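[1] my questions concern the predicted model and sequence given below.
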Amino acid sequence: MKRVLFVCIGNGGRSQMAEAFFNHFSAGRRVAMSAGTQPATSVSRTAIAAMAELGIDISAQKPKPLTQRLIQQAERIITMGCDVAESCPAGFHPSEDWGLEDTQGQPLEKVRLIRDQIRERVLALLADLGEPHSAETM
C-alpha cells in the first residue's frame, strides 16, 4: 500500500501529529508514516497533550529516522516547514512543504494553534487524494 510520509527534522511534534490525524481520519483506507532527518529521543510532551485534548493518543509513538525505504513507499511526501531540504533525501521525490512553525519549546497554547493548522491541512490532503474522511468534528 502506498503511503503518505510526513517529514521533519526531529519527528517529535508536527510530523507525529500529521501522521496521527491522517491515520485517524482515513480510518484505514490509507496509511501515513512520519520520520525525521535527525530524530529526537521522544515525542514532545506538548504535542502529546495537544492531541490528547482531541482524543488522539500519540504517547506510544517514537521518533523514527527517515530512510530510503520510507521514501520509496511514499505516494506523497509532505515536509513540515523545517528546512529539511538540505538533509533530506526526499528532495529527489516529489514533495510539498507545509511551512509550519516548529512546536519544539512552544507552550501548549501555541502547539494547539499549530495542531489545528495540521488538522485542516490533513483534511485537505485527504480530499485531494479523493479519500472520504470521518465527518466527526474535533
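    In hand now; what should we look at? Numbers count the residues shown, from 1 in each chain.
[2] report the contact partners of residue 20.
    The contact partners of residue 20, by CB atoms under 8 Å, 6 or more residues apart in numbering, come to 51, 56, 58, 61. Yep, even glycine has a C-beta here, placed from its N, CA and C like the rest.
[3] ugh, typo on my part, it should be residue 42
    Each residue near residue 42 by CB under 8 Å, 6+ apart is listed here: 12, 62, 63.
[4] equivalent analysis for residue 110, please.
    101, 103 are the contacts of residue 110 under CB under 8 Å, 6+ apart.
[5] so when I look at it, I'm seeing a helix, right?
    Yes - read with DSSP: H, G, I helix; E, B strand; the rest coil, residue 110 is one of the residues of a helix.
[6] so which of the contacts of residue 42 sits lowest on pLDDT?
    Here the lowest pLDDT out of the contacts of residue 42 sits on residue 12, with 95.
[7] doesn't residue 104 make contact with that residue?
    Yes - counting by CB atoms under 8 Å, residue 104 is a contact partner of residue 12 at 7.1 Å.
[8] need the residues touching each of these two.
    Shared contacts of residue 12 and residue 104, counting by CB under 8 Å, 6+ apart, come down to residue 44.
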